[in-house]
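Chemist: Turn this into a model:
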Amino acid sequence: MIMADNMKGLKRTHYCGDVSEIGQEVVVGGFVDRIRNKGGVIFIVLRDRTGVVQLAFNDNSAPEIFEKAASCKSEYVIMAKGKVIERESKNDKLKNGHIEIFVNDLRILSKAQTTPFEITNETKVNEELRLKYRYLDLRRAPLQQNIITRHKIAKIAREYFYENGFLEIETPMMMKSTPEGARDYLIPSRVHQGKFYALPQSPQIYKQLLMIAGYDRYIQLARCFRDEDLRADRQPEFTQIDLEMSFVDAEDIQECVEGFIQRVFKEVMGVDVSLPIPRITFADSMNRFGSDKPDTRFGFEIQDITDTVRNIDFAVFKNAIENGGSVRAINVKNGAGTYTRKEIDKLVEHAKGIGAKSLAYIRWAGEPNCSFKKFLKDGDLEKICSAVDAQEGDLILICADKTKIVLSTLGAIRLICGKRLDVIDENKYNFLWITEMPFFEYDEENNTWVAAHHPFTMPMEECIEYLDTDPANVRAKAWDLVLNGTELSSGSMRITDFELQQKMFEALGMTDEEIQAKFGFLVDAYRYAAPPHGGMGIGLDRLAMIMCKADSLRDVTAFPKVQNASELMSECPSTVDKSSLDVLGISVMEKESE
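Modeler: From the prediction side, this is the model:
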């Protein structure tokens with residue numbers, strides 16, 4: 001058995017990317033990135049998490065070391081000692097491309113077999129294979145830079161909130177299962193058989209208890225777990241920069257978070273975020289953008305043209321208006337040249353897929369071409385174009401239906417058109433506060449109103465009287481922080497009045513027994529007085545994804561799950577043996593085939 005070299009006598013003095021000073025004696029260690037054998041001269045590019053450096057070997061000066069260098073292959077782990085010299089052929093693409101290390105001591109610490117894919121910055125290898133060998137994929141510089149950026153964000157978060165008087169306090173990872181909007185991950189108890197812990201969807205209840213306990217500024221980089229379907233910006237386990245503050249109002253919390261956002265973007269990316277961040281209400285956001293997380297880097301805003309078309313004898317418009325709906329439009333500026341009739345038909349099909357009955361249009365290329373022209377009287381077309389400030393070259397897309405459907409449809413179409421016309425500046429960062437969120441949302445499946453947020457969210461004072469009589473008009477002291485169409489954070493002020501909390505539970509249809517079973521300990525805590533408080537949870541993963549310009553949370557998570565919530569590398573979740581289940585008092589039932 002051939003033993004690898006050991007490190008005796010060598011101690012790393014520099015990272016590869018930090019070597020720069022000519023004349024220094026240095027020791028570096030890392031992975032062999034690539035090798036060039038020029039006969040009497042060998043060059044090895046060595047890689048670590050900071051970058052690369054070139055090692056040089058000459059058969060005349062040190063034949064034994066030269067032979068060892070010739071035996072190296074890609075991904076071998078080596079250490080090298082040598083003198084930094086000026087490089088003959090400089091590489092301007094590297095920060096230390098003007099130097100190389102002339103090696104006088106080389107140790108091969110670990111040999112690598114041929115990897116299932118090449119470790120390169122750019123790769124076309126399918127993601128499934130890369131996730132199976134995630135430890136190899138993580139050697140690639142782009143992923144390493146993403147993970148390092150995520151670390152920087154976390155470091156700045158801690159420093160910023162510490163400086164602003166926050167205490168970092170850990171909350172339990174095993175807690176009582178309470179309703180928070182998604183399914184819990186459950187942990188069976190060995191000691192209390194038949195009972196279960198839950199992994200936290202968020203530290204919500206505990207951080208409110210900390211406010212009651214007098215720890216007026218809490219911060220935690222909290223691990224959270226939700227058993228829900230995955231997508232590009234959602235993982236079953238994630239991290240949020242979780243905070244709670246006492247003796248404050250909504251503006252105080254938002255101002256504090258704005259300071260963090262400004263600092264992290266400046267220090268990590270060199271991007272200046274101007275403050276204060278703009279604020280619009282949820283209602284305005286839906287009416288203008290058809291979304292509660294709008295991308296405001298471009299126009300194409302939704303406009304209500306119901307009154308403009310009210311007297312047009314077009315059944316689609318008339319039926320929508322008569323049934324209490326509305327007619328709204330977006331003006332895709334300069335869209336007529338890009339969108340042919342065939343491409344407009346694709347938009348129509350997309351609109352139908354969302355739930356709209358159809359999508360009307362006016363394509364103004366030369367003469368306006370209108371899909372409902374035969375229903376118009378003299379002057380009607382001009383009125384519509386004037387209402388949306390249309391000019392030659394524009395494309396007007398019109399949806400008529402229930403207002404909720406109209407807004408969601410045009411909101412989605414707006415984004416499609418923005419991407420298609422390439423009007424979205426990828427180097428622009430538009431933050432936005434969405435305020436006055438709806439307190440309830442209607443569950444059509446169960447024909448009832450449910451809490452749009454956790455049940456401890458404070459309603460706006462002027463809406464409290466509507467809790468029992470008009471749920472649709474109750475607004476919450478809740479807000480979201482949105483960046484370029486992605487929700488980064490949600491926050492709210494909390495109910496601290498015991499009687500109002502009881503009224504809230506009742507409005508959600510909960511009985512006294514249910515309240516006591518699910519939230520009894522928290523309800524009891526509020527009987528002993530609580531300061532006014534509120535807080536937020538900032539999605540660290542999503543923030544890192546945007547700052548790294550990554551397509552998915554998988555690109556900023558070291559060991560992510562895939563669509564079915566499994567991890568391809570370790571092949572979890574996995575079965576466990578019967579004896580382990582017996583200890584827990586659990587048996588697994590075979591699912592009946594359909």
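
Chemist: which residues of the stretch 101-250 of the chain score low on pLDDT?
Modeler: Along the stretch 101-250 of the chain, segments meeting pLDDT under 70 span 179-181.

Chemist: please redo it, this time with the cut-off set to 80
Modeler: By pLDDT under 80, the weakly predicted segments of the stretch 101-250 of the chain are 178-182, 230-233.

Chemist: mind listing the strands for it?
Modeler: In the stretch 101-250 of the chain, the strands defined using DSSP state E, counting those that start in this stretch lie at 167-168, 186-188, 196-198, 217-225, 237-246.

Chemist: Select, out of those, the one closest to residue 512.
Modeler: strand 196-198 (22.7 Å; C-beta to C-beta). To be clear about C-beta, it is placed using only N, CA and C from the backbone, and glycine gets the same treatment.

Chemist: Touching stretch 57-73 from outside, list them.
Modeler: Among residues not part of stretch 57-73, those counted as contacts by C-beta atoms under 8 Å, 6 or more residues apart in numbering are 32, 35, 37, 40-44, 55, 78, 102-106, 108, 111-112.

Chemist: Buried among those? Need that as a selection in ChimeraX.
Modeler: In ChimeraX, a selection of the buried entries from those looks like this (16 or more other C-beta atoms under 10 Å):
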select :32,35,42,43,44,55,78,103,106,108
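
Chemist: In helices only, show me the contacts of stretch 57-73.
Modeler: Among the contacts of stretch 57-73, none falls in helices (DSSP state H).

Chemist: Just give the number of residues close to residue 373.
Modeler: 11 (other C-beta atoms under 10 Å).

Chemist: Ok, the one 4 residues further on next?
Modeler: Under the neighbour criterion other C-beta under 10 Å, residue 377 is assigned a count of 10.

Chemist: Let me know the secondary structure of it.
Modeler: The assignment at residue 377 comes out as coil when based on DSSP: H, G, I helix; E, B strand; the rest coil.

Chemist: hang on, the earlier thing: most neighbours per residue, which of the strands of the stretch 101-250 of the chain?
Modeler: Counting by mean count of other C-beta atoms under 10 Å, strand 237-246 has the highest mean neighbour count of these, with a mean of 23.

Chemist: tell me what that one is packed against?
Modeler: Other elements packing on strand 237-246 under the criterion 3 or more C-beta pairs under 8 Å, 6 or more residues apart in numbering; DSSP states H and E are helix 141-163, helix 204-212, strand 217-225, helix 250-269, strand 533-539, helix 540-547.

Chemist: Adding distance to residue 169, write those out as JSON lines.
Modeler: Shown next, in JSON lines, are the helices and strands packed on strand 237-246 (distance: least, C-beta to C-beta, whole Å):
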{"stretch": "helix 141-163", "distance to residue 169": "12"}
{"stretch": "helix 204-212", "distance to residue 169": "6"}
{"stretch": "strand 217-225", "distance to residue 169": "5"}
{"stretch": "helix 250-269", "distance to residue 169": "17"}
{"stretch": "strand 533-539", "distance to residue 169": "13"}
{"stretch": "helix 540-547", "distance to residue 169": "17"}
